[in-house]
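*Asks:* The following block contains a protein sequence and its predicted model.
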Amino acid sequence: MSSISVLGQDKLEQEVRVRAQQVPLEARKWLKDAFESVRKPKWYKEFSELDYSFEAKFKLKGRFHSVEFDSLGNVLDVEIEIEWESLSEEVKANLTLHFEGTLRRFKLEKIQIQYSGLPGDLEDFFDEEETDGVLIQFEIEYQAEDQSEVIRIWEGTFSSDGKFLTHRRIIVRELFNLSF
């Protein structure tokens, strides 16, 4: 039995919906070139502890997509939500080995395939399925008990063959509701 030895920093983010005009032109142009059939993506400004980025979200061919851009409009990555059943047997085996070998209790919440690379390489990948220069990984959100047996939400990154790379705890901001 192995243990999780790589502890990434916590992930604390907040998203705010924005109009397309508030997003850098570079990001809007790249999205239109790479995903020509997407007409009205939903745009968000995502704040983290240190900076902010922009994210376009849309549904294409029955799958949820999100494309993240830095504050200047340069593409960072593309994530597409996928189902467990669509993973290869090798990826499923490696993920199962990791989760069952390191955690007592866990529940997978969301699986995304993540594509990153230079803007031109990513655009070629989505236009022509050319994989040169594109890094493919998996990002998985899951609930799991930590050492103190508290259930927490985590975001893990895994290689293209499903091997564990890193994880970080997701901090959920509590909403304050007033009751009258």
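*Replies:* Done, it's in.

*Asks:* surely Lys92 meets Trp84?
*Replies:* Yes. Under the criterion of Cβ atoms under 8 Å, Lys92 makes contact with Trp84 at 7.1 Å. In short, each C-beta sits where N, CA and C put it, glycine included.

*Asks:* With neighbour numbers in mind, choose between the two.
*Replies:* Lys92 (14 against 11; other Cβ atoms under 10 Å).

*Asks:* For the helix or strand encompassing that one, buried residues please.
*Replies:* Assigned by DSSP states H and E, Lys92 belongs to helix 89-102. Buried residues in helix 89-102, counting neighbours by 16 or more other Cβ atoms under 10 Å, are found at Val91, Asn94, Leu95, His98, Phe99, Thr102.

*Asks:* Could you export those residues as CSV, including distance to Thr131 and pLDDT?
*Replies:* Putting the buried residues of helix 89-102 into CSV (distance: Cβ to Cβ, whole Å; pLDDT from 0 to 100) gives the following:
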residue, distance to Thr131, pLDDT
Val91, 16, 98
Asn94, 20, 97
Leu95, 21, 97
His98, 25, 95
Phe99, 27, 94
Thr102, 30, 87
